[in-house]
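**Student:** The sequence and its predicted three-dimensional model are supplied below.
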Amino acid sequence: MVEGMQIEGEPVKRGPGRPPLRDRETLRPDVRADSVREAEEYARQITEAIGYDNYNPDEFFIDPSEIPDGWSYQWKAVSIAGKDNTYHMLELARNGWRAVPTSRHPHKMPSGTPGDSPIIIKGLQLSELPKVLTEQKERAHVRESKEVLRNSEAQLYDTPANTATREDPGLKKLGVGVTKEYMRPRGAREDTD
């Protein structure tokens, strides 16, 4: 028999002067019950502190009720792949965007962060602009998008000089044709063009 090996039903034999091998419970006591109790207690503390309903894995989510009246928030890239996005940030500043201070939403930054520092998460800075200006920009964007759509449709239906038109009555009878659809941004008002 090889030293340290056990044959079923026989105790493990060790060399002279060596202590016997310990049993399984001594080697690895069952701590699962304590671990489960500790986890349940910690979960209860977290639930009391932040509430289960407030758990949100989206670290960029800002509750709309936390945004001050008259302002709109957007996340702006201050760095890309670890490099500063300086020219983009300068352009945003020229257009009126400014950083939202940590003091307004301290739960978004680590404790101890100065209140006047910007909120930056994974290279994105929470920025604000008066809502009136963002609504104007959204309306201008919708107008530009509609204009691009109109121009594309005009190119689709226009034909070169001295050629037949592209309007085939047979296609319309079959229900085949070009349709246009566009989405209105959430919260945008109906435009009349």
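**Tutor:** Done, it's in.

**Student:** per the record, what domains does this structure have?
**Tutor:** 24-54, 70-130 (automatic domain parsing).

**Student:** taking the mean pLDDT, what do you get for the last one?
**Tutor:** To tie it back to what came earlier, the one meant is domain 70-130. In this model, domain 70-130 has an average pLDDT of 90.

**Student:** do the shortest one as well
**Tutor:** Over the span of domain 24-54, the pLDDT mean works out to 72.

**Student:** which one of the domains of the chain lies closest to Gln136?
**Tutor:** Proximity to Gln136 (CB to CB) singles out domain 70-130 among the domains of the chain, at 9.7 Å. No exception for glycine: its C-beta is placed from N, CA and C like everyone else's.

**Student:** start to end distance for the closest one?
**Tutor:** Criterion CA to CA, to the nearest Å; first-to-last residue distance in domain 70-130 is 6 Å.

**Student:** Can you get me the start-to-end distance on stretch 122-142?
**Tutor:** For stretch 122-142, the first-to-last residue distance is 30 Å (CA to CA).

**Student:** Only the buried residues of the one helix or strand Glu153 maps to, if you could.
**Tutor:** Using DSSP states H and E, Glu153 sits in helix 131-157. Residues 131, 134, 138, 142 are the ones in helix 131-157 that count as buried (16 or more other CB atoms under 10 Å).

**Student:** Look up the closest residue to the second one, ignoring the ones flanking it.
**Tutor:** Right, Thr134. Leaving aside its sequence neighbours, Thr134 sits nearest to Ser72 (CB to CB, 6 or more residues apart in numbering; 4.3 Å).

**Student:** how about that neighbour, phi and psi?
**Tutor:** Phi and psi for Ser72, reported as degrees, to the nearest 10, are phi -130, psi 150.

**Student:** could you measure it against Glu59, distance?
**Tutor:** Relative to Glu59, Ser72 is positioned 19 Å away (CB to CB, to the nearest Å).
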